[in-house]
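[1] Provided below for reference: sequence and predicted model.
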Protein chains: 2
Amino acid sequence: MDALLQQLSANGYKITPQRRLILEMLRENRHASAEDICAMLKQKEPNISLGTVYRNLALLMRLRIVTAVDFRDGRARYELNDSHHHHLVCMRCGKLVEFPGCDLKNVLGDAAEKVNFRVIDHSLEVFGYCGKCCGCSP
Amino acid sequence: MDALLQQLSANGYKITPQRRLILEMLRENRHASAEDICAMLKQKEPNISLGTVYRNLALLMRLRIVTAVDFRDGRARYELNDSHHHHLVCMRCGKLVEFPGCDLKNVLGDAAEKVNFRVIDHSLEVFGYCGKCCGCSP
DNA sequence: ATTGATGCAAAGGGTTTGCAGAGTC
DNA sequence: GACTCTGCAAACCCTTTGCATCAAT
């Protein structure tokens, strides 16, 4: 059985077709919104509801299987918590570039220790203008 | 006249008591929500409306005088764009710690150049547990 | 006098929730 | 069979917007 599904059932949660599909699609699509996810899943599960998607995303976040990202456009995006990376977001056209790797973890851990804080997670989003949108006038 | 107010009028915007007050209070309070701001200003300007606060925050963000911060609690917080710093947020009690300084700017600029991206801004929030909330059970 | 800003209240949009029925274990 | 999960729809909350009025320049 899939490792992530196993994690669900190990925590006492049931494995439903909806959960299966949500994880499946998160593996293929990064930074999809809840509505994106729901729309895409309707192909395979026509009656799936947005409420279910939100409830399961919340569950997956509690289990740290999924992370939410904020691109400052009013809707959250969701990603599997597998590869640590960050995002460049174009402030004009919304274009997105990922950049992988991140050596912040250690830096942050050290800085946080000084103020008696245990770091679990961090989010870094970089905003600017992509090549096409030069960014000459705000 | 105040430098920030001057920036408003230089850009063709009028200097109103509401704007004066919003800037005044942003100088004293960091990471206040729109509602916080509105509530506090009602002491001096009893009829000020939430709509006005939002409209002016949007304006101030367009002028890059103000920045919005996302603490993952569903409401935006606003800060003057004066000193660059980041936040530690306790995932249990919501406690907030600022940590100043940030050498990301150069790092990001370099990384971004490689993908032909002009960096304007970035946001980094760190989530975890503060001393009191140990963080033993999620 | 002109033009932009405010207050009010209603609309908007993403997210959450209550409930009855269906599905998993 | 017990208990959770789902779908539906309504409720929620933050934020935005339209409009008539008011104020800054």
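    Sure thing, it's come through. Numbering: from 1, shown residues only, chains lettered A, B, ... in the order given.

[2] Would you tell me whether stretch A:124-134 gets close to DNA strand C?
    No. Legend: contact between stretch A:124-134 and DNA strand C by C-beta under 7 Å from any atom of the strand is lacking; minimum distance shown is 14.8 Å. For every residue, glycine as well, the C-beta is placed using N, CA and C.

[3] chain center to the strand of greatest length in chain A: distance?
    Criterion DSSP state E: the longest strand present in chain A is strand A:117-130. How far strand A:117-130 lies from its chain's middle: 12 Å, per C-alpha atoms, centre = their mean, to the nearest Å.

[4] Go through stretch A:53-68 and flag the buried ones.
    A:Val53, A:Asn56, A:Leu57, A:Leu59, A:Leu60, A:Met61, A:Leu63, A:Ile65, A:Val66, A:Thr67, A:Ala68 (16 or more other C-beta atoms under 10 Å in any protein chain shown).

[5] Identify the residues contacting that stretch?
    Contacts with stretch A:53-68, where a contact means C-beta atoms under 8 Å, 6 or more residues apart in numbering or on different chains, come from A:4, A:7-8, A:11, A:13, A:18-19, A:22-23, A:26, A:34, A:37-38, A:41, A:76-81, A:121, A:123, B:72, B:138.

[6] re the thing from before, among the buried residues of stretch A:53-68, which are located in strands?
    Among the buried residues of stretch A:53-68, the ones falling in strands (DSSP E) are A:Val66, A:Thr67, A:Ala68.

[7] Regarding A:Met25, which helix or strand does it belong to?
    Following DSSP states H and E, one finds A:Met25 within helix A:17-28.

[8] Check which strands are paired with the next helix or strand after that helix and give the direction for each one.
    As assigned by DSSP H and E, the chain's next helix or strand after helix A:17-28 is strand A:32-33. Sheet partners assigned to strand A:32-33 using DSSP bridges are listed as strand A:76-80 (antiparallel).

[9] okay, the partner strand in CSV with CA atoms only?
    Taking C-alpha atoms only, strand A:76-80 is exported to CSV below (Å, rounded to 0.1, in the frame of the first residue of the first chain):
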residue,chain,number,x,y,z
ALA,A,76,-4.2,29.0,-0.8
ARG,A,77,-2.2,26.5,-2.9
TYR,A,78,-1.4,23.0,-1.7
GLU,A,79,1.6,20.9,-2.2
LEU,A,80,2.9,17.6,-1.0
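
[10] Now do the helix holding A:Met25 against strand A:76-80, angle only.
    If you take axes from the mean of the first three to the mean of the last three C-alpha atoms, to 10 degrees, helix A:17-28 sits at 90 degrees to strand A:76-80.

[11] and helix A:17-28, what does it pack onto?
    helix A:3-10, helix A:34-41, helix A:50-62, strand A:76-80 (3 or more C-beta pairs under 8 Å, 6 or more residues apart in numbering or on different chains; DSSP states H and E).

[12] how close does A:Phe119 sit to A:Asp103?
    Not Phe; residue A:119 is Val. Computed as C-beta to C-beta, to the nearest Å, the A:Val119 to A:Asp103 distance reads 14 Å.

[13] Can you tell me how far the residue of chain A found nearest DNA strand C is from A:Gln18?
    With C-beta to the nearest atom of the strand, the shortest gap between chain A and DNA strand C falls at A:Gly51, namely 2.9 Å. Remark: distance between A:Gly51 and A:Gln18 (C-beta to C-beta) = 11 Å.

[14] Likewise for A:His86?
    According to C-beta to C-beta, A:His86 stands 29 Å off from A:Gln18.

[15] Compare the two (neighbour count), which wins?
    Remark: of A:His86 and A:Gln18, A:His86 carries more neighbours, 21 against 18, as counted by other C-beta atoms under 10 Å in any protein chain shown.

[16] is the helix or strand where the more buried one lies anywhere near chain B?
    Following DSSP H and E, one finds A:His86 within strand A:85-90. Yes. Part of strand A:85-90 sits near chain B under the criterion C-beta under 8 Å from any C-beta of the partner chain, namely A:Leu88, A:Cys90.

[17] how does chain A divide up, domain by domain?
    Domain assignment for chain A, taken from automatic domain parsing, gives A:1-82, A:83-138.

[18] looking at these, which has the lowest confidence?
    For those, mean pLDDT drops lowest on domain A:83-138, to a mean of 84.

[19] quick revisit: reformat the domains of chain A as JSON lines; add distance to B:Cys90.
    Below are those laid out as JSON lines (distance: least, C-beta to C-beta, whole Å):
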{"stretch": "domain A:1-82", "distance to B:Cys90": "16"}
{"stretch": "domain A:83-138", "distance to B:Cys90": "8"}
